[in-house]
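S.K.: I'll drop the sequence and a predicted model, then ask my questions.
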Amino acid sequence: MTKAITVSGLHKSFGKTHALDGLDLNVETGEVHGFLGPNGAGKSTTIRVLLGLLRADAGAAQVLGRDPWSDAVELHRQIAYVPGDVTLWRNLSGGEVIDLYGRLRGGLDKARRADLIERFELDPTKKGRTYSKGNRQKVALVAAFASDVDLLILDEPTSGLDPLMEEVFQRCVEEERDRGRTILLSSHILSEVEELCDRVSIIRKGVTVESGSLADLRHLTRTSVTAELAGEPNGLGRLPGVHDLDIQGRRVRLQVESDKLDAVLRSLTESGVRSLTSTPPTLEELFMRHYQDEVAAEAMSR
Amino acid sequence: MTAVATNTKFAVRTGGSRQLAGTGALLRLALRRDRVMIPLWVGVIALMVLSMPGSLESVYSTAAERADVVRQLATNSSLRATYGPVFSDSIGGLVAWRIGVFAGVLAGVMSLFIVVRHTRDEEESGRQEMVSAGMVGRRAPLTAALLAAFVANAALALLITGGLAGQGSSGALALGLGTAGVGMVFATMAAIVAQLTESARLAKGLTGGLLGAAFVLRAAGDSASEDGSHVLTWLSPIGWLENLRSFADERWWVLLLFVAAVAVQGVAAYELTGRRDVGMSFLPTRPGPAVGRLGTAGALAWRLQRGSVLGWSLGFFAAGAAFGGITKGATDLVGDNERTRDIIERMGGQSGITDAFLATMAGMLGMVAALYIVQSVLRLHGEETSQRAEPVLANAVGRLRWASGHLLIAFGGSVLIMLLGGLGLAAGYGQDLGPILGACLVQLPAIWTIGGLAVLLHGVSPQAALGAWGVAGAALLLGWIGPALELPEPVMDLSPFGHLPKLPGGDMTWTPVLILTAIAAALVTAGLAALRRRDMST
């Protein structure tokens, strides 16, 4: 499998702010790749570098095998981009903008355009200012999904969409993946990422802190375990990797680092298990660990 | 739920006591945002006015000389059309004659910019929504915008009154109040226009058009009457400023016209704003086509700029025709008066008073066309900073192609409007089509040079782009009042317009034309090269 996007050691400063501080990103061809990080982590800056709108200070970036800065125009023939905050021209209708973007990237599938407009319930005759936030997003989404490209770069594309439209969006992304297209999806809606993405990269302060499949990432983090025991729990607190232990009589709740799960289960069966639920970490928990754990993150980025 | 809705309705209908809530905070916000713009406008206008007495004294040192020139000025309808009638041969009277109309126009432009910036601009950008969601009354934003304009105009009146007091304090006060009065008339006019359309750009354009119409009305009236008593002059707020007769036995009651106009327009604006939804306008937006035909970056640029090109074209043809129509009056000038002939010849640059007048008008159109080209080039800046350029450039559109569409309209449009201005001038004058067109077209290299500078500034840095307005404004200022001030040659040469051959009547010299064209081409090339290299603003 070839790589659709390879980025290594990307640096970009705006005056004294280091927006990107050695960022790495690898996106395989044909995958949906989640691009996560707190506000101001450098997601949009990275995307703008990938689109050749910004020039990186240092580091290497390749998109579809091309240099995004020097080959911008040719490259953009194969890319559709949806920004998180779509601004439209006051005096152009949504339909005109969709067709304009389609032609500017060298073609648009008419049937698919009509289909998408219907599915997203978009009125293409309204003009720029009269669209709501969600409807402006739909204009950009229809333009992107209806175009014949290899790579879709979506920067928080569903901000402002209602849950029904969010559903339509997810179906569209799946269809794109089935057609073999690559999608880079930056999003804060974790359920969306969990549902759609094959792999994710989590960045923080301009550095990639995690990258891999969701299964890989889960491995690095904690599983929550709730158990009803036959006897008194015994020695759980001394086991390595156990956190947030909460014992109420014979009821036990705890978090355990996923690779230390074996020892915990052995200890529980020693006391006799009446009921047991074990929940793998949600992406949200995975995420929170990176977002909230300031100290750990600082250490990681050093 | 029902009770709430009823209460809201009631509050709107009765005017409500809290309609002005938050005005103070909004005014502070407006003044804070304009902390550079307002002092700059006020400072430049005041400086222009206050520099006049000194320079006029040096040109006409004795009372006899002044009396002589005033006699000549009074009988020259084309000079009256440009500057207005002269009512007194005192230094103060000459200052009011020379600069009053110009200061009034600038105060009007300043005021309409301030008001639109804090009303329609805010609504168009969506910022108003967040502000109005606070404890902000329905009429507070408009009130704050008008107060900001009032603060600026009051400061201007104060500076003019104080600065000219040496020439006679009542005349200084009249000129100061009159200038500020014109400003407030256009501030309240902008407050109405800004509610008719959803576009701040269109609101500025329309109010600017009304300001231009006011100028043309008084120009036509003044060309027909020696003492500003023509009905056309009285129809124009700028005409009222003349008819205050500053430094010439002031007619204070004319100030009541300003008060009445401000009051009527202010009440209308308030009525409208109380009945209007935030962000909406009285001229509804029509639905557009479901399928678009735009297919290139160039077509998009034309679509975005065509309205503005049309407006400028009509304006240039009308202004040309108006100036052409009063040109005949220029020959009325008594030929043996050295001084007056001097002034016009310095402006026009050659002898033959009709040719000199036509050359002056062609030059004037050229300098205003520099404003067009700057505005048109800076569309690039507007598209970039509003984040609309980003998704366009994310398509298979290179920066050069994106920019070249707008630049073609900017540079080609300048040819078009100068051609139309020339056609209007010739149509109004009734003869000399060829020489007049030549006189208008010979301005183009200077216009392009200023346009090229705008391209370069935008290419190097989006923050610097707006500096192009300063360049065009300085060229206009030099061209308009420089000749009367007898500014030294090196200063006049700072403006690209100073180097052009003086047509019609003068000799066509190709050297400066070719050199300026080459400079313009070099500036555009350098600007585009810089644009390709820099980061797009995010």
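M.R.: Cool, got the structure.

S.K.: Show me the strands in the stretch 101-250 of chain A, by range?
M.R.: For the stretch 101-250 of chain A, the strands defined by DSSP state E, counting those that start in this stretch occupy A:151-155, A:182-186, A:199-204, A:207-213, A:222-229, A:242-248.

S.K.: I figured A:Val139 was touching A:Gly94, is that so?
M.R.: Yes. Shown here, A:Val139 and A:Gly94 form a contact pair, counting by C-beta atoms under 8 Å, at 4.5 Å. From N, CA and C alone the C-beta is placed, and that goes for glycine too.

S.K.: which is the next helix or strand following the helix or strand containing B:Pro53?
M.R.: Using DSSP states H and E, B:Pro53 falls within helix B:52-59. Following helix B:52-59 in sequence order, the next helix or strand is helix B:63-75 (DSSP H and E).

S.K.: could you say what helices and strands the following helix or strand past that following helix packs with?
M.R.: As assigned by DSSP H and E, the chain's next helix or strand after helix B:63-75 is helix B:77-83. Counting contacts by 3 or more C-beta pairs under 8 Å, 6 or more residues apart in numbering or on different chains; DSSP states H and E, helix B:77-83 packs against helix B:63-75, helix B:91-118, helix B:200-224, helix B:297-330, helix B:338-348.

S.K.: Ok, which of those comes nearest B:Ala248?
M.R.: Proximity to B:Ala248 (C-beta to C-beta) singles out helix B:91-118 among these, at 5.1 Å.

S.K.: relative to helix B:200-224, how tilted is that closest one?
M.R.: 160 degrees (axes from the mean of the first three to the mean of the last three C-alpha atoms, to 10 degrees).

S.K.: ok, helix B:91-118 near chain A or not?
M.R.: No. Residues of helix B:91-118 are not located near chain A by C-beta under 8 Å from any C-beta of the partner chain, the shortest gap being 14.7 Å.

S.K.: what's the following helix or strand past that helix packed up against?
M.R.: Sequence-wise, the next helix or strand downstream of helix B:91-118 (DSSP H and E) is helix B:120-125. Judged by 3+ C-beta pairs under 8 Å, 6+ apart, helix B:120-125 is in contact with helix B:127-132, helix B:200-224.

S.K.: Any idea which of those gets closest to B:Ala81?
M.R.: Across the helices and strands packed on helix B:120-125, closest to B:Ala81 is helix B:200-224 (C-beta to C-beta), at 4.0 Å.

S.K.: what angle separates that closest one from helix B:297-330?
M.R.: 10 degrees.

S.K.: So for helix B:200-224, what gets flagged as buried?
M.R.: Neighbour counts over helix B:200-224 (16 or more other C-beta atoms under 10 Å in any protein chain shown) mark B:200-208, B:210-212, B:214-224 as buried.

S.K.: With stretch B:460-476 instead?
M.R.: B:460, B:462, B:465, B:468, B:471-473, B:475-476.

S.K.: Give me the subset of those lying in strands.
M.R.: With strands taken from DSSP state E, there is no overlap with these.

S.K.: Which one of those residues is nearest to chain A?
M.R.: Distances from chain A to the buried residues of stretch B:460-476, taken as C-beta to the nearest C-beta, are shortest for B:Pro462 (12.6 Å).

S.K.: Verify the stated contact: that closest one with B:Gly382.
M.R.: No. Between B:Pro462 and B:Gly382 there is no contact under C-beta under 8 Å: 10.1 Å.

S.K.: Please name the nearest non-neighbouring residue to residue 177.
M.R.: Just going to use chain A. Excluding the flanking residues, the one nearest A:Arg177 by C-beta to C-beta, 6 or more residues apart in numbering or on different chains is A:Val32, at 5.4 Å.

S.K.: Let me rephrase: I mean chain B.
M.R.: Using C-beta to C-beta, 6+ apart, the closest residue to B:Leu177 is B:Ala157 (5.6 Å).

S.K.: Confirm A:Leu276 sits in a helix?
M.R.: No. Under DSSP: H, G, I helix; E, B strand; the rest coil, A:Leu276 sits outside any helix and is assigned strand.

S.K.: State the distance from it to chain B.
M.R.: 49 Å (C-beta to the nearest C-beta, to the nearest Å).

S.K.: buried sites along stretch B:421-437?
M.R.: So for stretch B:421-437, counting by 16+ other C-beta under 10 Å, buried means B:421-426, B:428-429, B:432, B:435-437.

S.K.: will you turn those residues into TSV that also has secondary structure?
M.R.: Shown next, in TSV, are these (three-state DSSP):
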residue	secondary structure
B:Gly421	helix
B:Gly422	helix
B:Leu423	helix
B:Gly424	helix
B:Leu425	helix
B:Ala426	helix
B:Gly428	helix
B:Tyr429	helix
B:Asp432	coil
B:Pro435	helix
B:Ile436	helix
B:Leu437	helix
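
S.K.: B:Leu378 and B:Val471 touch, don't they?
M.R.: No. The pair B:Leu378 and B:Val471 does not pass the contact test of C-beta under 8 Å, sitting 11.7 Å apart.

S.K.: which regions of chain B lie under the pLDDT threshold?
M.R.: B:1-17, B:78, B:329-352, B:483-486, B:538 (pLDDT under 70).

S.K.: and it, which residues reach chain A?
M.R.: Counting by C-beta under 8 Å from any C-beta, chain B sits next to chain A at B:124, B:198-199, B:279, B:285-297, B:300, B:303-304, B:307, B:386-388, B:390-398, B:401, B:533-536, B:538.

S.K.: Strands - which of those residues land there?
M.R.: Those of the residues of chain B next to chain A lying in strands (DSSP E): none at all.

S.K.: can you tell me which residues contact the residue nearest to B:Leu177?
M.R.: By C-beta atoms under 8 Å, 6 or more residues apart in numbering or on different chains, the contact set of B:Ala157 is B:176-177, B:179-180.

S.K.: count of neighbours near residue 53?
M.R.: Just so you know, I chose chain A. The tally of other residues near A:Leu53 (other C-beta atoms under 10 Å in any protein chain shown) stands at 22.

S.K.: oops, chain B please
M.R.: 18.

S.K.: roughly how far apart are it and A:Glu174?
M.R.: 78 Å (C-beta to C-beta, to the nearest Å).

S.K.: same check, this time on A:Pro280
M.R.: For A:Pro280, the distance to A:Glu174 - C-beta to C-beta - is 22 Å.

S.K.: Can you give me the pLDDT of the closest residue to chain B within the stretch 151-300 of chain A?
M.R.: In the stretch 151-300 of chain A, the residue that lies nearest chain B is A:Ile153 (7.7 Å; C-beta to the nearest C-beta). If you check A:Ile153, the pLDDT there is 95.

S.K.: contacting residues around it?
M.R.: Neighbours of A:Ile153 in contact, by C-beta under 8 Å, 6+ apart: A:47, A:50-51, A:79-82, A:184, B:394.

S.K.: Mind checking which of these are in helices?
M.R.: A:47, A:50 (DSSP state H).

S.K.: Can you lay out the contacts of A:Ile153 as TSV showing distance to A:His290 and neighbour count?
M.R.: Below are those laid out as TSV (distance: C-beta to C-beta, whole Å; neighbours: other C-beta atoms under 10 Å in any protein chain shown):
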residue	distance to A:His290	neighbour count
A:Ile47	20	22
A:Leu50	22	27
A:Leu51	26	25
A:Ile79	28	26
A:Ala80	29	28
A:Tyr81	26	28
A:Val82	25	25
A:Leu184	19	27
B:Ala394	29	27
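
S.K.: Now for the residue nearest to A:Arg177, how many residues are close by?
M.R.: By other C-beta under 10 Å, 23 other residues sit near A:Val32.

S.K.: How about B:Ala140?
M.R.: Other residues near B:Ala140 come to 24 when the count uses other C-beta under 10 Å.
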